[in-house]
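> The sequence and its predicted three-dimensional model are supplied below.
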Amino acid sequence: MKKRVGSKRIIHSSVTSAFSNRTGIWWYRISDGKLEYSEAAATHLDYKRFTLLNGGWRGLARGLVFMKDGKRSIFIYMQDPVMRNAVDPDKHITDIKNKISKKIGFPISGIVDEDGHYCARHTDV
């Protein structure tokens with residue numbers, strides 16, 4: 001997520017909005033592109049709802065889906081080792097965005113990381 005837009009105030013607002021307006025939680029396995037999404041899970045550590053966790057966290061990306069201004073966006077932990085060390089993180093971000101959109105039946109308007117930066121390529125501005 002190299003192309004970023006926003007000020008410090010917008011960054012703080014984006015991260016706060018992601019957590020306070022969360023509509024779902026997801027895990028994604030980099031090796032095979034398997035995505036698990038839950039609107040019922042309270043945390044990422046809900047082993048009953050996320051079977052991907054049974055093999056441990058290694059190789060898994062995580063994040064949430066949130067609403068802001070009537071649009072759905074994805075929050076992704078880009079500093080987690082699996083995304084930070086991914087050969088082609090943009091490929092995985094695209095796959096995550098498409099799979100979540102298909103799963104929830106709505107378009108995803110943006111992707112934001114834990115620093116509050118929006119990924120310009122994946123964000124409707």
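Arrived safely. Computed from a predicted model, the values in this text were never measured in an experiment.
> and the end-to-end length of stretch 41-51?
Using C-alpha to C-alpha, to the nearest Å, the end-to-end distance of stretch 41-51 comes out at 12 Å.
> Low-confidence ranges, this protein, go.
Scanning the chain for pLDDT under 70 picks out 1-19, 120-125.
> try 90
Applying pLDDT under 90 to the chain flags residues 1-21, 42, 45, 47, 54-58, 68-69, 110, 114-125.
> just the strands in it please.
In the chain, the strands defined using DSSP state E lie at 22-29, 35-38, 60-68, 71-76, 108-113.
> mind giving me a markdown table with those and columns for distance to residue 93 and mean neighbour count?
The way it works is simple: take the backbone N, C-alpha and C, and place the C-beta from them, glycine included. As requested, the strands of the chain are exported to a markdown table (distance: least, C-beta to C-beta, whole Å; neighbours: other C-beta atoms under 10 Å):
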| stretch | distance to residue 93 | mean neighbour count |
| --- | --- | --- |
| strand 22-29 | 10 | 20 |
| strand 35-38 | 12 | 17 |
| strand 60-68 | 9 | 21 |
| strand 71-76 | 7 | 22 |
| strand 108-113 | 6 | 22 |
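> how about these in TSV, adding distance to residue 90?
Output for the strands of the chain, formatted as TSV (distance: least, C-beta to C-beta, whole Å):
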stretch	distance to residue 90
strand 22-29	14
strand 35-38	16
strand 60-68	13
strand 71-76	12
strand 108-113	10
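> leaving aside the residues next to it on the chain, what's closest to residue 58?
In space, and not counting its chain neighbours, residue 58 is closest to residue 82: 7.5 Å by C-beta to C-beta, 6 or more residues apart in numbering.
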